[in-house]
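Novice: Need coordinates for the following:
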Amino acid sequence: MLPKKTRHIYYAVLLLALSAVCTSAVANPRIFDFISEVASILERPYSASKEGNLDDTNKILDGQMSAAKKESTYFQPVFATIIQGADQLVGCANDGSTLARFNLCGDSDNRLVTLSGSHSSVSWQILGGSCSADINNDCPNTNTSCYTQVATGSSFTINAASIPSSICAEFRVVADGQQYFFKVKKSNITQTFVKNDFICGVPGRIQITNLSSAYEFSINSGSGFGPWQGPIFNNLNPGSYVVKARLKNTPDACEYPYAPIVIQQLDIDIDVTFTDAQCAGDTGTITVTANNVPGPYKYTLLDASGTAQEFTAFIPNNPYTFAAVGFGTYTVQVETQQCTGDPLNGILPPRQNVDTSGNPIIIGNGVVALAASAEPNNSFSAACGINSVDITVYTSGGTPPYSYIVNGAGPSSPPYAASRVHTINSPGTYQFTITDGNGCTITASANVEELTPPDITVNGVDGTCTNGGARLQFNITDAKGYDLSF
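Specialist: As a prediction, this is how the structure comes out:
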């Protein structure tokens, strides 16, 4: 056992060591080793007859403390941090404070930073202004004028996309008047992809692009990340997926998460509008719009029997219009690379036989051809005192009411339902252009002549005893259209 005075010295040294340990939340294991050494020394037998032993013991203690101090300064700072979730904790050699480090992998590697314990006032601040972050320095920038508040509350989310990978970022958090520091650095890769949604029952697909074969990938559909593999993920159901990329065969390689990739369930929806033919002999148009699914598209126009009347190749056009469609009842069919049906098993490609209002797609429905005639009731005749003639215009079919113009010039007649009398005052040919309520037209004509007296000569024959008596002999040179009787 050591002498009382010497033991008091050792106890004082031990108390100092314990105090140093307790000031750090993450004390260095070497300090505990040091304490064990001190305890073992205190338990060693002591011989008062050998004065040199006291000096030897002090030398041992001095060496242990020096070693502990050196190790503690290198590995653990005296002042602990309350920042949680860091990738690394390092000590500042200048003041023994702890600096938390966050190492982000790409623009989607957002991090939630929390604090241990409870605090009534918390301010999260970012270094800026004339001050620049030094990511390689384990000591923080303690110039408080360089920091600007960006958030309050017990937690803070590091937005990876906002961290410049070239200069990184430095933060300060002040909790109940005490300040703590952390630095953030970020490495980037080119994160692009292409996807196919779950379309018409065909499973989705994700392919990571613009990364070399030196990378491998893993996907998480909500139940955890799967094994590492190549850049293509097939047979995906609708849902949200997160993909990670990392270098192959590289220990502790950065794992870069991609922003969530959503595979949507898409089913084709076909909208049809059509313009009906208004007049006999005209044609209509049918416009088809494919909704919800990507192209290219193949459009087919089917008649009432299901026979294709017109079709396209796979084209990017959407909507597409079938022009000059004749009279009939129609169905439209739209196909894409995924929406093809399965005809061999009786599953037809997507079709639609009604328009957006629920009406059948019928061109020429109810259209009746126009019919018209023009009939004069007389002819002009000065000899008979006929100075005006009525022409009756008869019209049917189409869509009443009707109106007409004469010889291509207006004004238009008043509307009528079936017939109208048109009076003329001079002979000639009259052409009536008749228009119905839909704008359909038809023509009818009438030729009204002026009748002059027939060209007749009369010769008198005197009667004799042998010729049967006197008589008048009429010679018709030109009857002028008259049916003459005497």
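Novice: in this structure, which spans are helices?
Specialist: Taking DSSP state H as the criterion, the chain carries its helices at 4-22, 29-42, 52-75.
Novice: Now the weakest link among those, please, by mean pLDDT.
Specialist: Among the helices of the chain, helix 52-75 carries the lowest mean pLDDT, a mean of 34.
Novice: Which of the residues in stretch 418-437 are classified as buried?
Specialist: 420, 422, 424, 427, 430, 432-436 (16 or more other Cβ atoms under 10 Å). (Glycine included, C-beta is placed from N, CA and C.)
Novice: Kindly report the same for stretch 309-328.
Specialist: So stretch 309-328, judged by 16+ other Cβ under 10 Å, has buried residues 318, 320, 322, 325, 327-328.
Novice: ok, now which ones touch I347?
Specialist: G341 (Cβ atoms under 8 Å, 6 or more residues apart in numbering).
Novice: care to break this protein down by domain?
Specialist: 4-75, 83-187, 192-265, 268-363, 371-448, 454-486 (automatic domain parsing).
Novice: if we can go back for a sec, adding pLDDT and distance to F225, write the buried residues of stretch 418-437 out as TSV.
Specialist: Output for the buried residues of stretch 418-437, formatted as TSV (pLDDT from 0 to 100; distance: Cβ to Cβ, whole Å):
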residue	pLDDT	distance to F225
R420	97	85
H422	96	89
I424	95	95
P427	94	99
Y430	97	90
F432	97	84
T433	97	79
I434	97	79
T435	96	74
D436	95	72
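Novice: Among the residues you listed, list the two that are farthest apart in space.
Specialist: Greatest spacing in the buried residues of stretch 418-437, by Cβ to Cβ: P427 and D436 (29.4 Å).
Novice: before we move on, the earlier item: would you single out the least confident of the domains of the chain?
Specialist: Mean pLDDT is lowest for domain 4-75 out of these, coming in at a mean of 38.
Novice: Can you give me the distance of the most centrally placed residue in the chain to K298?
Specialist: Centroid check for the chain by Cα atoms, centre = their mean gives N292 as the closest residue, at 9.4 Å. Distance, N292 to K298, by Cβ to Cβ, to the nearest Å: 16 Å.
Novice: Repeat that for V122.
Specialist: Taking Cβ to Cβ, one finds V122 at 61 Å from K298.
Novice: Who has more neighbours out of those two?
Specialist: Ranked by neighbour count (other Cβ atoms under 10 Å), V122 and K298 place K298 first, with 20 against 17.
Novice: burial measure for the nearest residue to that one once chain neighbours are set aside, as a count.
Specialist: In space, K298 comes closest to E335 once its chain neighbours are excluded; the distance is 4.3 Å by Cβ to Cβ, 6 or more residues apart in numbering. Neighbour count for E335, taken as other Cβ under 10 Å: 22.
Novice: Likewise for N459?
Specialist: 9.
Novice: from what I can see it touches N475, true?
Specialist: Yes. The pair N459 / N475 is scored as a contact, 6.9 Å apart, by Cβ atoms under 8 Å.
Novice: How about the contacts made by the closest residue to P349 other than its chain neighbours?
Specialist: What sits nearest to P349 in space, not counting adjacent residues and going by Cβ to Cβ, 6+ apart, is G341, at 3.9 Å. Residues near G341 by Cβ under 8 Å, 6+ apart: 335, 347-350.
Novice: change it to 6 Å
Specialist: 347-349 (Cβ atoms under 6 Å, 6 or more residues apart in numbering).
Novice: ok, so of those residues, who is nearest L211?
Specialist: P349 (37.4 Å).
Novice: That closest one reaches V334, doesn't it?
Specialist: No. P349 lies out of contact with V334 (Cβ atoms under 6 Å); the separation is 7.4 Å.
Novice: quick one, which of those two is more surrounded?
Specialist: Neighbour count, other Cβ under 10 Å: between P349 and V334, V334 has more, with 25 against 17.
Novice: Next one: the more buried one from Y320, what distance?
Specialist: On the measure of Cβ to Cβ, V334 and Y320 end up 9 Å apart.
Novice: Give me the common contacts of these two.
Specialist: With Cβ under 6 Å, 6+ apart as the test, V334 and Y320 both reach Y299.
Novice: before we move on, back to that, could the contacts of G341 go into CSV alongside distance to L451?
Specialist: As requested, the contacts of G341 are arranged in CSV below (distance: Cβ to Cβ, whole Å):
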residue, distance to L451
I347, 77
L348, 71
P349, 71
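Novice: contacting residues around stretch 113-127?
Specialist: 82, 84-85, 133, 141, 146-152, 154-156, 170-176.
Novice: Make a ChimeraX selection of the buried ones in those.
Specialist: The ChimeraX command for the buried members of the contacts of stretch 113-127 (criterion: 16+ other Cβ under 10 Å) is given here:
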select :82,133,141,146,147,156,170,171,172,173,174,175
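Novice: Next, check the contacts of stretch 113-127 against the strands and list the overlap.
Specialist: Using DSSP state E, the subset of the contacts of stretch 113-127 located in strands is 84, 147-152, 155-156, 170-175.
Novice: what sits against the residue lying closest to G428 once chain neighbours are set aside?
Specialist: Leaving aside its sequence neighbours, G428 sits nearest to V448 (Cβ to Cβ, 6+ apart; 6.5 Å). Applying Cβ under 6 Å, 6+ apart to V448 gives the contacts 376, 389, 427.
Novice: okay if I get those as CSV plus distance to Q207?
Specialist: Formatted as CSV, these follow (distance: Cβ to Cβ, whole Å):
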residue, distance to Q207
P376, 82
V389, 85
P427, 86
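Novice: among those, which are in strands?
Specialist: 376, 389.
Novice: Tally up the residues packed near the closest residue to S396 other than its chain neighbours, please.
Specialist: Spatially, and ignoring its direct neighbours in sequence, S396 is nearest to A371 (4.9 Å; Cβ to Cβ, 6+ apart). Residues lying near A371 (other Cβ under 10 Å) number 14.
Novice: My guess is A371 contacts Y394. True?
Specialist: No. In this structure A371 lies outside contact range of Y394 using Cβ under 6 Å: 8.2 Å.
Novice: any common contacting residues for the two?
Specialist: By Cβ under 6 Å, 6+ apart, no residue touches both A371 and Y394.
Novice: residues contacting A444?
Specialist: Shown in contact with A444 (Cβ under 6 Å, 6+ apart): 372-374, 432.
Novice: try it again with 10 Å
Specialist: 370-375, 391, 393-395, 404, 430-434 (Cβ atoms under 10 Å, 6 or more residues apart in numbering).
Novice: Next step: these restricted to strands.
Specialist: Counting by DSSP E, the part of the contacts of A444 found in strands is 371-375, 391, 393-395, 404, 430-434.
Novice: ok, the residues you listed vs A308, which is closest?
Specialist: A371 (34.8 Å).
Novice: quick one: K186 and P257, what's the gap?
Specialist: 12 Å.
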